[in-house]
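Just a sequence and a predicted model for now, questions to come.
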Amino acid sequence: MKPKVYVMMSTYNGEKYISEQLDSILAQKHVDVCLAIRDDGSHDNTLKIINAYENKYKNINVYHGKNIGYAASFWTLLLSSPDDYDYYAFADQDDIWENNKLAAGIQALKSNENDALKLYASALNVMDEDMNFQYTNVFKRLRAKFGSAVTRPRLSGCTMIFNSSLLSICKKMDLVEKSENCISHDALVYISFLACGGRLTFSRKSYINLRRHPETVTGHGKGILKRVSSVLNIFTSRKNEALKQVTFIYESINDCLTDENRGLCMDIINYRSSLSSTLRLCFDKRIKCGLLSVDLTNFFAILFHCY
């Protein structure tokens, strides 16, 4: 029997590329796919296009609502997803999947038969807007640990596949109402997975072509200046982001955390309580992500109580 996969996609003004992505998802081999699409208030022809696909294919369900942002839109789909699928996945609106993307990820997950929580992610091929190959992002020096992921998650939600056990944990968190918009949908899945003791299954081979263009909402579409600005925003618009994330996760799924990660949560939550607590976190190896520039930035963010 083919594995059943529930794929979640949020769309917003994606008329230019959405059909290519839908076709690539429908072409997946060796799996039974149900595609749930929530349109986040598009004002172009996106909704018309996805409604046409829904009318043509029985395994596509379309929902629409007001614009709430991509993270909350994805999480709305997650919270309403059925619990009886074998696996769950996210899809962006403008990429193109290879026809074995889901099957390859599921096969890799099966190698960890004894793990209750399962999460797969992979490298990805970054393309320009015309789908000309640019480079493969293999996430060098990736540290798949809870503290490192809090500092910088790094992985892309469009590559993720996870099981119903992880879904159940995620459903305990109300990203739409209670997160203070401090975290993206895919980062929350990844960080929560690690916080609960999950072991990441990662492939250095890409099965997805990620389209990078100026309108891309997530970080992959940003130029170098915007990326630098995003890092420096930790002292301004993203001030206390890590603290908010950890507090949100700790309060939502405390009973699911490992003892070690529960302790790290408390160290982060209380790091501003005294100078010694601040300095201990500054030099805490558990929160190093492996990227020197990011680790250095976060050192000063902690020192100045912006982490």
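Cool, the structure landed.

Tell me where the stretch 1-150 of the chain has helices.
Taking DSSP state H, counting those that start in this stretch to define them, one finds helices in the stretch 1-150 of the chain at 18-26, 46-56, 70-79, 101-109, 146-151.

Against Leu291, how distant is Ala195?
20 Å (CB to CB, to the nearest Å). For the C-beta atoms, the positions are set from N, CA and C on the backbone; glycine is no exception.

Could you check which of the two has the larger neighbour count?
The neighbour comparison of Ala195 against Leu291 (other CB atoms under 10 Å) goes to Ala195, with 27 against 18.

Confirm for me that the more buried one is in contact with Asn261.
Yes: the criterion here is CB atoms under 8 Å, and Ala195 meets it with Asn261 at 4.8 Å.

Which neighbours do those two have in common?
Applying CB atoms under 8 Å, 6 or more residues apart in numbering, one finds that Ala195 and Asn261 are jointly contacted by Phe146.

If you drop the residues flanking it in sequence, what lies closest to the most centrally placed residue in the chain?
In the chain, the residue lying closest to the centroid (CA atoms, centre = their mean) is Asp186, at 1.6 Å. Computed as CB to CB, 6 or more residues apart in numbering, the closest residue to Asp186 that is not its neighbour in sequence is Gly157, at 2.5 Å.

Now do the contacts for the one you found.
By CB under 8 Å, 6+ apart, Gly157 lies in contact with Phe74, Phe90, Asp92, Ser184, His185, Asp186, Ala187, Val189, Tyr190.

mind checking how far the first one is from Asn13?
Between Phe74 and Asn13 the distance is 16 Å, computed by CB to CB.

Please say which of the two ends up with more neighbours.
Taking other CB under 10 Å, Phe74 and Asn13 do not tie; Phe74 has more neighbours (26 against 19).

Distance check, the closest residue to the more buried one other than its chain neighbours against Ser156.
Nearest-residue entry for Phe74: His185, 3.9 Å, with adjacent residues in sequence omitted and distances by CB to CB, 6+ apart. Using CB to CB, His185 is found at 12 Å from Ser156.

Leu119 now?
Computed as CB to CB, the Leu119 to Ser156 distance reads 13 Å.

do the same with Lys101
13 Å.

And the two? Which one has more around it.
Between Lys101 and Ser156, counted using other CB under 10 Å, the more crowded position is Lys101 (27 against 24).

I figured that one was touching Gln28, is that so?
Yes: counting by CB under 8 Å, Lys101 does reach Gln28; the two are 6.7 Å apart.

need the helix or strand of the protein with the lowest average pLDDT.
Within the chain, no helix or strand scores below helix 224-232, which has a mean of 64 by mean pLDDT, DSSP states H and E.

Could you point out the helix or strand that follows that helix?
Once the chain leaves helix 224-232, the next helix or strand it forms, by DSSP states H and E, is helix 241-253.

What residues of that following helix count as buried?
Neighbour-count burial for helix 241-253 flags Glu241, Ala242, Leu243, Lys244, Gln245, Val246, Thr247, Phe248, Ile249, Tyr250, Ser252, Ile253 (criterion: 16 or more other CB atoms under 10 Å).

Next up, the contacts around the second one.
If I follow you right, that is Ala242. Val150, Thr151, Ile268, Asn298, Ala301, Tyr307.

Could you do the fifth one as well?
Contact partners of Gln245, counting by CB under 8 Å, 6+ apart, are Val150, Cys182, Ile183, Ala187, Leu188, Ile191.

mind checking pLDDT for the residue nearest to Phe74?
Note for His185: predicted pLDDT of 98.

before we move on, what about Asp23?
On pLDDT, Asp23 comes in at 98.

And for Asn254?
Asn254 is given a pLDDT of 98.

Can you tell me the SS state at the residue nearest to it when sequence neighbours are not counted?
Using CB to CB, 6+ apart and skipping the chain neighbours, the partner closest in space to Asn254 is Arg262 (6.9 Å). Under DSSP: H, G, I helix; E, B strand; the rest coil, Arg262 falls in the helix class.

Poorly predicted segments of the stretch 151-300 of the chain, please.
Within the stretch 151-300 of the chain, the segments meeting pLDDT under 70 span 215-231.

Go again with 80.
Along the stretch 151-300 of the chain, the model assigns pLDDT under 80 to residues 179, 213-232.

For the stretch 51-200 of the chain, just list every one of the strands.
60-64, 87-91, 96-97, 119-122, 124-127, 133-137, 161-163 (DSSP state E, counting those that start in this stretch).

Right, I'll call it a day here.
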